[in-house]
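*Asks:* this one's structure only:
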């Protein structure tokens, strides 16, 4: 029994470790706002992550003005919704997200969200090369 508990905690600790330069991006599939799978693959060059309503609004404004940016730059946009109550998500946020002209991955897992690098209310911008993290930057805008 002890070994099962130790293995479970080791698996959780490995999954919860922070994303760092030189590591492979730890998760390659997310549900998007249309309940379809959004995949990060070897061609993905940039992962844009919003952790707050304010940073999400900045990304939305930028992507609305720069139609096709994600595809042209081999980028994926992720938004942390792990702390949003499910009722609020299903009644208010998802219907709004579904109207967007761009695809966004939803980070629903709090443990995974906590493993991602962040700096205050800034966006997290992660550069990838064949799924390996090559840089991590934080910015107020894109």
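*Replies:* Thanks, I have the structure now. Given the structure is predicted, the values throughout are model-derived calculations rather than measurements.
*Asks:* what ranges do the helices span in this structure?
*Replies:* 2-16, 53-65, 69-72, 86-88, 94-97, 110-115 (DSSP state H).
*Asks:* mean pLDDT for these: which is lowest?
*Replies:* With a mean of 42, helix 2-16 has the lowest mean pLDDT of those.
*Asks:* hang on, residue 52 packs against residue 121?
*Replies:* Yes: if you go by Cβ atoms under 8 Å, residue 52 and residue 121 touch, sitting 4.7 Å apart. Glycine gets a C-beta too; all of them are placed from N, C-alpha and C.
*Asks:* quick one, what contacts the residue positioned nearest the centre of the chain?
*Replies:* The centroid of the chain falls nearest to residue 78 when counting by Cα atoms, centre = their mean (3.2 Å). Neighbouring residues of residue 78 by Cβ atoms under 8 Å, 6 or more residues apart in numbering: 30, 47-50, 104-107.
*Asks:* next one: residue 68
*Replies:* So residue 68 contacts nothing (Cβ under 8 Å, 6+ apart).
*Asks:* residue 101 - how many residues pack around it?
*Replies:* Neighbourhood size, residue 101 [other Cβ atoms under 10 Å]: 9.
*Asks:* in strands only, show me the contacts of residue 78.
*Replies:* If you go by DSSP state E, those have 30, 47-50, 105-107 in strands.
*Asks:* narrow those to those that are buried.
*Replies:* Buried members of these, scored by 16 or more other Cβ atoms under 10 Å, are 30, 47-50, 105-107.
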